[in-house]
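In: What follows is a predicted structure for the sequence shown.
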Protein chains: 2
Amino acid sequence: MGATKTEHFTDKQNEIATLSKAFGHPARVAIIDYLLKVDACICGDIVNELPLAQPTVSQHLKELKNAGLIKGDIEGNTICYCIDEKALDKLQSYFANISTKLEMKKKDCC
Amino acid sequence: MGATKTEHFTDKQNEIATLSKAFGHPARVAIIDYLLKVDACICGDIVNELPLAQPTVSQHLKELKNAGLIKGDIEGNTICYCIDEKALDKLQSYFANISTKLEMKKKDCC
DNA sequence: AATCTTTATCGTAATATTGCAATCTCAATA
DNA sequence: TATTGAGATTGCAATATTACGATAAAGATT
């Protein structure tokens, strides 16, 4: 095998997994960090910021896009990539929810 | 190739990537969900909760453990698995921080 | 129009992940 | 001590990911 059995899990679980997976590579974390750092959305120099070849960066951007984490529009010969707030809010609220639940538990078992 | 070039990224980026990657599979999301749902930490029936064979579940648990998301202690012939709050707090604060930054931006470019 | 610049895609090699049957470990119990 | 039961490990097959050279696509510039 090697293929994830997504059909056995809930939509929510698959959604969180997909979004988390997109963050599951340091290059993609670095891309998101960079998109946050630069004030403008036009970031044609994103390739220069990363220690990876251009096709590799392009591929990582594609994966972030597929996961719904970034949006991109063509603007002349530069691309405007932005973080999609909606996707990030899902992750943020998911982890915030877990933290809240953990706070309520406080079982000192482990 | 095929191996992630972790050495080119910051410790923080690699840490977030590792933790996120652990959430990057619906089975592991389901495991965390289950650990939150059950009140006790002893959860020997975790295999029955998932639509996967026992070795596969064991492997996913191992990955969660390697990522530092869960702690486990042997207790007789059942295992006590718990979510590691520290690891989850890192994820939670990382995503909360991103959300805050996005809120401040509000550039309506895309 | 020819060229430059920037990003995408294709093809491919190396490595990682997913999943499970078979097997092992080890404590509890008969 | 033999057996049972719960979880870990091993080994392997199928698939996915990562990375990059070569090349393509398309607007910008000369």
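Out: Yep, that arrived. Residues are numbered from 1 along each chain as shown, chains lettered A, B, ... in the order given.
In: quick one: the strands in chain A?
Out: In chain A, the strands defined using DSSP state E lie at A:70-75, A:78-83.
In: A:Pro51 contacts B:Thr4, correct?
Out: No - between A:Pro51 and B:Thr4 there is no contact under C-beta atoms under 8 Å: 11.8 Å. Bear in mind the C-beta positions are built from the backbone N, C-alpha and C, glycine included.
In: A:Leu50: neighbour count?
Out: Applying other C-beta atoms under 10 Å in any protein chain shown, we find 20 residues neighbouring A:Leu50.
In: rank the strands of chain A by pLDDT, which is bottom?
Out: Lowest mean pLDDT within these: strand A:70-75, a mean of 78.
In: before we move on, back to that, now the common contact residues for A:Pro51 and B:Thr4.
Out: Common neighbours of A:Pro51 and B:Thr4 (criterion: C-beta atoms under 8 Å, 6 or more residues apart in numbering or on different chains): none identified.
In: if we can go back for a sec, and among the strands of chain A, the most buried is which?
Out: Of the strands of chain A, the one with the most neighbours on average (mean count of other C-beta atoms under 10 Å in any protein chain shown) is strand A:78-83, at a mean of 18.
In: hmm, that one in reach of DNA strand C?
Out: Yes - against DNA strand C, strand A:78-83 shows contacts by C-beta under 7 Å from any atom of the strand at A:Thr78, A:Ile79.
In: chain center to that strand, what's the gap?
Out: Relative to its chain's centre, strand A:78-83 lies at 14 Å (C-alpha atoms, centre = their mean, to the nearest Å).
In: swap in stretch A:7-19?
Out: When distances are taken as C-alpha atoms, centre = their mean, stretch A:7-19 is centred 15 Å away from the chain's centroid.
In: close to DNA strand C, is that stretch?
Out: No - judged by C-beta under 7 Å from any atom of the strand, stretch A:7-19 stays clear of DNA strand C, getting no closer than 7.8 Å.
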